[in-house]
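Enquirer: requesting a structural model of the entry that follows:
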Amino acid sequence: MLSDGYAAYDRYARNKPQITQAQCWAHTRRYFERAHKSDPAAQEALTLIGGLYRVEQQIREKDLEGQKKLDYRSRHALPIADAFFAWCHQQRQRIDLVNTDPWPRPWCMPTTTRNSSRSISVIRRCRSTPTTWSEPCG
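Expert: Prediction:
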């Protein structure tokens with residue numbers, strides 16, 4: 001299930017092990033767009049998310065489908081997603097952000113990185129487009 005960060009979706013998916021929940025990259029990106037105005041460090045997140053969008057564009061340009069699409073995404077998008085969540089972890093360690101209202105709330109907070117393994121698993125196995133999610137995962 002792809003969601004936009006609305007808490008009701010978290011509550012819904014929490015007790016349903018058959019549901020894999022992932023956050024929408026487009027919605028995630030918006031938080032960093034806003035944050036970039038006050039903290040240039042947010043540019044790194046925007047760059048990484050842009051990399052995911054480029055991978056999806058390449059998949060469309062190559063007309064990849066099925067297992068080839070999945071393999072391409074695993075080789076190219078997964079390292080970018082891993083880098084994104086590692087960057088989020090680094091940002092949470094910043095002294096200047098301790099005890100402050102986190103700028104890209106909630107995307108770099110512990111709950112998001114806790115869910116990152118679920119988001120990454122969606123990248124590994126979903127044959128639809130994870131940046132727009134215009135079709136169901138399957």
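Enquirer: so which elements touch the helix or strand containing Leu70?
Expert: Under the criterion of DSSP states H and E, Leu70 resides in helix 66-92. Contacts defined by 3 or more Cβ pairs under 8 Å, 6 or more residues apart in numbering; DSSP states H and E place helix 66-92 against helix 42-61, helix 110-114, helix 116-125. The C-beta positions use only the backbone N, C-alpha and C, and glycine is treated the same way.
Enquirer: what residues sit buried inside it?
Expert: 69-70, 72-73, 76-78, 80-81, 84-85, 87-88, 91 (16 or more other Cβ atoms under 10 Å).
Enquirer: just stretch 43-56 next, same as before
Expert: Across stretch 43-56, burial judged by 16+ other Cβ under 10 Å covers Glu44, Ala45, Leu48, Ile49, Gly51, Leu52, Tyr53, Val55, Glu56.
Enquirer: still on that earlier bit, which of the helices and strands packed on helix 66-92 has the lowest mean pLDDT?
Expert: The stretch with the lowest mean pLDDT among those is helix 110-114, at a mean of 44.
Enquirer: can I get the buried residues of helix 66-92 in TSV with distance to Arg34?
Expert: TSV is the format used below for those (distance: Cβ to Cβ, whole Å):
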residue	distance to Arg34
Lys69	32
Leu70	33
Tyr72	31
Arg73	28
His76	28
Ala77	24
Leu78	27
Ile80	21
Ala81	21
Phe84	17
Phe85	20
Trp87	17
Cys88	16
Gln91	15
